[in-house]
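In: got a predicted structure here, sequence first:
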Amino acid sequence: MLKFIVRRIFWTIPVLLVVIFLTFMMMRQIGGNPFRHSERAVPEAVQRNLEAKFHVNDPWWKQYAYYVKGVFTLDFGPSLVLRGQTVNDIIKEHFPKSIELGLYAFLFAIVVGVPLGVIAALKHNTAVDYGAMFFSNVFHAIPSFLVATLMIYWIALKLGAVPTSGWATWEHKLLPSIALGFAPMALFARLVRGTMLETLQQDYVRTARAKGLRYRRVVGLHVLRNSLIPVITAAGPLLGFIITGSFVIELIFNIPGIGQYYVTAVNARDYSVVMGLTVLLSVLIIFANLVVDILYGILDPRTRDART
Amino acid sequence: MRTKSIWLWLALLMSSVALVAAGCGGDDEEGTSGTTTTEGGAEAAEQVITVNWGTEPPSLDPGLASDVTSANILLNIMDPLVKLDEDLNAVPNAAESFETSEDGKTVTFTLRDDLKWTNGDPVTAEDFEYSWKRTVSPELGADYAYQFYGIVGAQDYNSCDPKKDDCAALRDKMGVNAVDDKTLEVKLTTPQPWFLQQVAHHSFLAVNKKAIDQFGDKWTEPANIITNGPFKLESWQHNSRIDLVKDPNWRDAGSVKLTRVNGRMISDGITAVQAFEAGEVDVLYQGLPPDEISRLKETPEYEQYPALGTYYYGVNVKNITDVKQRRAMALAIPRQSIIDNIAQQDQLPATGFTPKGMPGFDAINPDSPWLPGEGDMEQAKQLMSEVASPKKNITLYINDSPGHREIAVAVQAAWKELGISSTIKQQEFQQYLEFLGPPPNKDVDIYRLGWIGDFVDAINFLELWTCDSGNNSTNYCNEDFDALIEKARSTEDNDARYDIYGQAEDILFGENGDMPVLPIYFYTYGDLERESVKESFEVNLLNQTDLTKVVVTE
Amino acid sequence: MATTPTDIREEGLAVEPGAAPSSGAPIRQSNLWKDAWRRYVRNKGAVVAGTVFVLVVLYCVFWPIISPYDANEVNFAEAKQDPSLAHPFGTDKFGRDLFTRTAEGGRVSILIGFGATLAILLIGVVYGSISGFVGGRLDNGMMRFLDALYGLPYLPFAIITLAIIGRTDKWTMMIALSIASWFTTARIVRGQVITLKENDYVRAAKAVGARWYRILSRHLLPNTLGVLIIAIFLELPAVILGEAFLSFIGLGISPPDASWGAMAQEGRTTYRTHPIEIVVPSVAIATLVLCANFIADGLRDALDPRTRES
C-alpha cells in the first residue's frame, strides 16, 4: 500500500513539469502587450524599459528556466499588470476563497445528494423516487448561471434573506455554495441511487436479508460503503467541474476568488499571473486525482493489485 | 428512470422552469429598495456611505494609476496642489497661491504652511519635485508621463535609454525645481494656458519618499501607505473592498462630514445594481448596464451628469480612401436612435469631436453637415453612389464591454443600406489595443474608441489626430491640421485659441472635412445615488468626485 | 498505470473484471444493431428523450429556413415584446424574433457540441487505439503522458487557447473545447482495445497473419463502436455546457451570430425587465443536456455487453 502511494506521488513531478511547459508555451503564443491598459498608447521608451524590467524579451528558454526555478522555490514572480502585487500575493489572497467556495459546494452536494440518492433507492419506484430523480436531473441540466440568477433575484433581492453579492459572512456564502453545488448534488444523487439499486440486488444482500440480519445493519455497512465508491470516483472530474463553474459563480456573486481573476488576467495579458494560476489549478487537480486514486485503492482492494 | 411517466416529467420540467423564470422579474414600477428616505436637510447621525468603486485599481501609486477608480480614491486620500471649481477653473488647494510669469512659461506654486503627511512630516515642495520627476522617470513606466511633456526636459528624461544616455543628468535638467520648502517652480516649453488645470490631475500628486524607500512596490498597501489628504486608506482587500476613513488630523478636517467611506469592488454591472437595490451600496457611479438604464431612469435614485468624453468610430483612411464614402458612412449613422434605444442616457449626438462642456464649445464646434443627429440616409445613399470604387466589405472592430456590440449592430445595419457589408470583430480589450497599434493594423477598417478628457482644454481632444499622435490609428496625417495644433499650444488668449480649435475641427468635419473619424455621441455619466446623499454627491465633467463635500442627510 | 476507471463515465463503460467480455468475432452488423435497437426502444424514457432531441435538432436546422423573420434583423420598434402568435418567444432587445434566433443559436450550439465531441472522439480513438494496440513501453509512456495531461485544467486551457487563436467563431470554439477533454475517451478506447486484443478471434487473426489495420478495422473498432456512441452522448452535454460557460464569461461567438450561451449572456442584462431572453436559451440548453443524458443511459442499457446476452 505504502509503495503504491509513494509511487503515485513520485509520478506527479514529471506531470507537473509537463503542465508547466505546456502552459508556458501556450502563454507565449498569445500576442498582446501587458503594459498597455488603456486606449492611450505606451511611449516607446517606456515600453522598452518595462520589457527589460520584466524580462519579457529574453529568449524563451531563459524565461522558461527562470520560471521553473521560480515554481519550485514557490516564487511565481510579480504581476505585470497589478504593479505592486506579486503573483504569490494574489494567490494568497484569492485562492483560499475559491477553495472555500468549492469545498462548501462539494459539502452541499454530498450532504444533500447522498441522502437523496439513498432514499430514492430505498423507495425505488415510488413517488419519492421519481420526484427525487426528476429534481436532480433537472438541476443537473440547467446551467448554473440561470440557477444563480434566479436565486439572487428571489432569495436575496425579493426576500432580502441574504446579501446579493460578496463573500464575508456565512450569509454571503450560502447562495453561491448552493448554486455551485446543485449540479454535483444531482450527480451524486443519481450515482448513489444507481449503485445502491445494483448492490441491493446482489446475492449477498438478499441472502443477508433472507437470513434475517437486521435490515439497517445490512444497508448501513455493506451497501452504503459500496455506494460511496462512485462518489469518490466522481470526485476527481467533479473537481474540474467545480473549477469551471466557479468562474461563472464568482463573477455573478462578486466573489474575489481566482476564478474571477483568471479571466481578467488572461484578458489583460498578465502572463505571470496566468501561468501561476494555471500551475496552481493543475497542482490542485493532480493532487485531487491522487487522493481519489488512493481512496479508491483503500476502498476497493481489487484495484490495488491491478495496477501495472 | 425508465417508466412511462418520463414524458410527463419532461413536460413538467419545461413548463415549470419556464413559468417560474418568466413569471418573475419584470419590475417596471417598483422603486429601488433602500434603507433611508429623504427629507433633505438634516444631517444623519451616522455619516458613513458605501460606494461601489468598480473594478480593482491596478495601482494606487499616483505615478502608475491610470484608471478612474484609482483616480477617485487618490484625489480623496491625497491633497492636490489645485482643485477645479464648478466652472473647471483651477483654484488653490494644497498650494495657497500660484503665479504665472509674463511670458507664460514659468509657473510658481506657493504651498500652504499646514500640509502634513500621515507620519507627521510636513509636505514640502521637494516632495512634489521628487514625485513629478519620479513619474517621468523611464524606469517607472508611467502611463501618464506624457502629461508632463509640457514641462521642459520631461520628454527627454522619459525617453532616456539607460544604456546610452546619462539619465541622471537629464533628470536634473527637468524643469521642476523646489526653490525652498514652500516654493515650487515649473518651467514649461511653451506657454500652456491649461497647465494649471492639468495640475489638478492625480498624476501630479505628491508621494512620500520615505514610504517608497522603505517599502518599494508595496508602499501602497494600507499598512505602509503615507498620505496627506482628507481621508486615509484604511483597508484594501484586493478585488473586494477599499475602505477609507476620515483623517482627523487633516488641515481642514472640520469641514469634512463623512467619517467613513466603505467601498465595494463590483465589476459586473448587474451584480452592482442588485447590491444597490438590496441596500448594500449607497452610490453606484461607475456606469450602469445599458439594458437597465431605461428602467433605472424612472427611479428617484437616478442622477445624470454631463461628461467630457466622445464616443467615436475611427476610420482607417488608407483602407477607406474616398472621402465621399467616409462622409456617406457618417451621414448614415442614426445617432439619435442609437442614443434613444441603446445608450439611453440622454447623451448628445456628436456634431464634432470636442464634446459639449468644454470651454469655448460654441466657437469650437463645427456643427458638421456630415453628422446630423438623426442620420440622413437619403443623402448618404446619394453620396455613396458617387463614390468611384467604394470599399464594400469592411471590418468593424470593437472591444467587448457592454453596449459596444449593440451600437455596432445598429451601425452595421445602417451601412448595409448603403451596400456596405461590415463584419463585426469583437475582441477583448488587450487584444483590441494591440490591434490598434501603433502602427495601425491594416486589417482594421473601422474601430470603436472613446476618449475621456484628462483636463479641460480642447487640445487634449484635438491633438489625438496629429500625425504622430500615439493614439491616432487612422493613418490620417494633415500638416495644416498639425500646424494649427502647434499654434494653439502657444496661444494664451482663450478666445483666440478657441478660434484656432474651431478651424482645426473644420478641417476634420467641416464642409470639406476629411472625416478620418466618425464621432457618435458625447458621453454622460449615469449614477444611482441613494436619496440621503443624492444632493451632495457630485461628479464633475472629468468623472471626479470630491468626498469632502458629501453629507448624509436624514 | 490504473486500469480501473477513475472517471465516472468510464464506470458504465468499462468491462468489469470477471464479466464475459464481448466476443471479438467480426460483428455481423445486422444482429448487433437490431438487437440494440429493440432494447433501446423498450426504454420509454430514452425514447422520449430521443424524440425530443431529434425534434430540437430538426427545429434548429429547418425553422430558420422557413421562418419569415431574419434572426439578425434589427428593428427597434418591435423590441422586447412578450410572446405572441407572431412571435412565439417574443422579441429581444433589438427587435429580433426570439423563436428564429433560438433556432439559429441552436444550430451553432449543436454544431459546436457535435464538432467538439467528434474531435474529442477522433483524437481519443487514435490515441487510445495506438496505445492499447501497440502496448508495452509505448503504451506505458503514452499513458503517463495522458496522466500528465489530466492535470490540465480544462477551462483555463480553453481560455488560453481562445486567446491564442484570437478569434471566437464556431471552429475555434470547437478546438478550444476539445483540446483538454479527450483524455477520458482515449482511456476508454485503450481499455477496450486491450481487452479485445487478447481475444480468441483476434489472436486467431494475428496468427493467420492479418495486417494490423485489418485487425483494427474489422475486429476491434466495430466492437468499440457501441462504446463510442455512448461516449458521444456523454460528452455532448459537457461540451454544450462548456460552450455556454465560455460565452457567459464573454468568450463566446461574436455578434450578430449567436449561440445559446451567447444569448444567455446577452439576456442576463435584460433579466429584470424582460426575463424571457435569458430563460429561453437556458431552458434550451437544459433540454438538450437532459435528453442527451437519457439517451446515453438508454444506449448504455441497449449496448452494454454485460447485460447483452451470451
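Out: Happy to help now that I have it.

In: pLDDT (mean, whole number) over stretch A:103-116?
Out: Mean pLDDT, stretch A:103-116: 90.

In: return the distance of it from the chain's centre.
Out: On the basis of CA atoms, centre = their mean, to the nearest Å, stretch A:103-116 sits 14 Å off its chain's mean C-alpha point.

In: ok, residues contacting that stretch?
Out: Stretch A:103-116 is contacted by residues A:132, A:135-136, A:173, A:176-178, A:180-182, A:184-189, A:192-193, A:228, A:231, A:235, A:238, A:242, A:245-246 when judged by CB atoms under 8 Å, 6 or more residues apart in numbering or on different chains. Any C-beta I mention is one placed from the backbone N, CA and C, and that applies to glycine too.

In: list the buried residues of it.
Out: By neighbour count on 16 or more other CB atoms under 10 Å in any protein chain shown, the buried set for stretch A:103-116 is A:104-106, A:108-110, A:112-114, A:116.

In: how about residue 245, what does it touch?
Out: I'll assume chain A. Here A:Gly245 is in contact with A:105, A:144, A:180, A:183, C:245 (criterion: CB under 8 Å, 6+ apart).

In: nope, chain C
Out: So C:Phe245 contacts A:143, A:145, A:244-245, A:247-248, C:155, C:261 (CB under 8 Å, 6+ apart).

In: hmm, C:Asp139 is touching C:Ser131, no?
Out: Yes: using CB atoms under 8 Å, C:Asp139 is in contact with C:Ser131, at 4.8 Å.

In: give the residues shared as contacts by the two.
Out: With CB under 8 Å, 6+ apart, C:Asp139 and C:Ser131 have common neighbours C:Arg190.

In: which one's more surrounded, those two?
Out: C:Ser131 (24 against 19; other CB atoms under 10 Å in any protein chain shown).

In: could you check the pLDDT of the nearest residue to B:Asp61 once chain neighbours are set aside?
Out: Spatial nearest neighbour of B:Asp61, excluding adjacent residues (CB to CB, 6 or more residues apart in numbering or on different chains): B:Thr220 at 5.4 Å. Model confidence at B:Thr220, given as pLDDT, is 92.

In: ditto for the one 10 residues further on
Out: Looking at B:Pro230, its pLDDT stands at 95.

In: cool, the one 3 residues further on as well?
Out: According to the model's per-residue confidence, B:Leu233 sits at a pLDDT of 95.

In: same deal with the one 5 residues further on?
Out: B:His238 is assigned a predicted lDDT (pLDDT) of 86.

In: tell me, how many residues neighbour it?
Out: B:His238: 17 neighbours (other CB under 10 Å).

In: surely it and B:Thr55 touch.
Out: No: using CB under 8 Å, B:His238 makes no contact with B:Thr55, being 11.3 Å away.

In: give the residues shared as contacts by these two.
Out: With CB under 8 Å, 6+ apart, B:His238 and B:Thr55 have no common neighbours.

In: wait, B:Gly150 sits on B:Thr189?
Out: Yes: under the criterion of CB under 8 Å, B:Gly150 makes contact with B:Thr189 at 6.0 Å.

In: please identify which of the two sits among more neighbours.
Out: Neighbours per residue (other CB under 10 Å) separate B:Gly150 from B:Thr189, with B:Gly150 holding more: 21 against 16.

In: what pLDDT does the more buried one get?
Out: Looking at B:Gly150, the pLDDT reads 89.

In: so what's it up against?
Out: B:188-190, B:192, B:195, B:198.

In: can you select the buried ones from these in ChimeraX?
Out: Buried members of the contacts of B:Gly150, defined by 16+ other CB under 10 Å, are picked up in ChimeraX with:
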select /B:188,189,190,192,195,198
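
In: out of the contacts of B:Gly150, which touch chain C?
Out: Among the contacts of B:Gly150, not one lies near chain C by CB under 8 Å from any CB of the partner chain.

In: and which of the contacts of B:Gly150 is nearest to A:Phe35?
Out: B:Gln198 (23.5 Å; CB to CB).

In: OK, contacts around the closest one?
Out: Contacts of B:Gln198 by CB under 8 Å, 6+ apart are B:147, B:150, B:192, B:204, B:454-455.

In: tell me the contacts of B:Ser59?
Out: A:82-84, B:65, B:70, B:220.

In: mind telling me what element B:Glu234 is part of?
Out: strand B:231-237 (DSSP states H and E).

In: which strands and helices sit next to that strand?
Out: helix B:68-77, strand B:241-246 (3 or more CB pairs under 8 Å, 6 or more residues apart in numbering or on different chains; DSSP states H and E).

In: mean pLDDT lowest where, among the ones you listed?
Out: helix B:68-77 (a mean of 90).

In: quick one: pLDDT of the closest residue to B:Arg260 other than its chain neighbours?
Out: Counting by CB to CB, 6+ apart, B:Val48 is the residue found nearest to B:Arg260 once chain neighbours are left out, at 4.4 Å. If you check B:Val48, the pLDDT there is 93.

In: could you do C:Ala296 as well?
Out: The model's pLDDT for C:Ala296 equals 82.

In: report the central residue of chain C.
Out: C:Leu236 (2.3 Å; CA atoms, centre = their mean).

In: pretty sure it sits against C:Gly115.
Out: No: the pair C:Leu236 / C:Gly115 is not scored as a contact, 10.7 Å apart, by CB under 8 Å.

In: okay, now the unreliable bits of the stretch 351-500 of chain B?
Out: B:428-431, B:434 (pLDDT under 70).

In: count of neighbours near the closest residue to B:Ala414 other than its chain neighbours?
Out: Leaving aside its chain neighbours, B:Ala414 sits nearest to B:Ala332 (4.7 Å; criterion: CB to CB, 6+ apart). A count of neighbours around B:Ala332, defined by other CB under 10 Å, yields 25.

In: the stretch 201-310 of chain C against chain B: which residues are in contact?
Out: C:250-251, C:254-256, C:268-276, C:278-279, C:282-283, C:286-287, C:290, C:294.

In: contacts with chain A among those, please.
Out: C:250-251, C:268, C:271, C:278-279, C:282-283, C:286-287, C:290.

In: any idea which of the residues you listed is closest to C:Ala302?
Out: When those are compared against C:Ala302 (criterion: CB to CB), the nearest one is C:Leu290, at 18.7 Å.

In: pretty sure the closest one is touching A:Phe139, no?
Out: No: using CB under 8 Å, C:Leu290 is not in contact with A:Phe139, being 10.4 Å away.

In: which of the two has more neighbours?
Out: C:Leu290 (23 against 19).

In: can you tell me the helix or strand for that one?
Out: helix C:276-303.

In: can you give me the buried ones in that helix?
Out: So, applying 16+ other CB under 10 Å, buried residues of helix C:276-303: C:276-303.

In: what about the residue of chain B at minimum distance from chain A, how many neighbours?
Out: Residue nearest to chain A within chain B: B:Gly470 (3.2 Å; CB to the nearest CB). Close neighbours of B:Gly470, defined as other CB under 10 Å, add up to 14.

In: over to it. Which of the three states is it?
Out: coil (DSSP: H, G, I helix; E, B strand; the rest coil).

In: leaving out chain neighbours, which residue sits closest to residue 55?
Out: No chain specified, so I'll use chain A. A:Gln63 (6.2 Å).

In: please refer instead to chain B.
Out: B:Ser267 (4.4 Å).

In: A:Pro163 now?
Out: A:His172 (5.3 Å).

In: OK, contacts around the one you found?
Out: A:162-163, A:165-166, A:253.

In: C:Gly90 reaches C:Ala79, doesn't it?
Out: No: counting by CB under 8 Å, C:Gly90 does not reach C:Ala79; the two are 9.9 Å apart.

In: neighbour count winner among the two?
Out: Set side by side, C:Gly90 and C:Ala79 show more neighbours around C:Gly90, with 21 against 17, by other CB under 10 Å.
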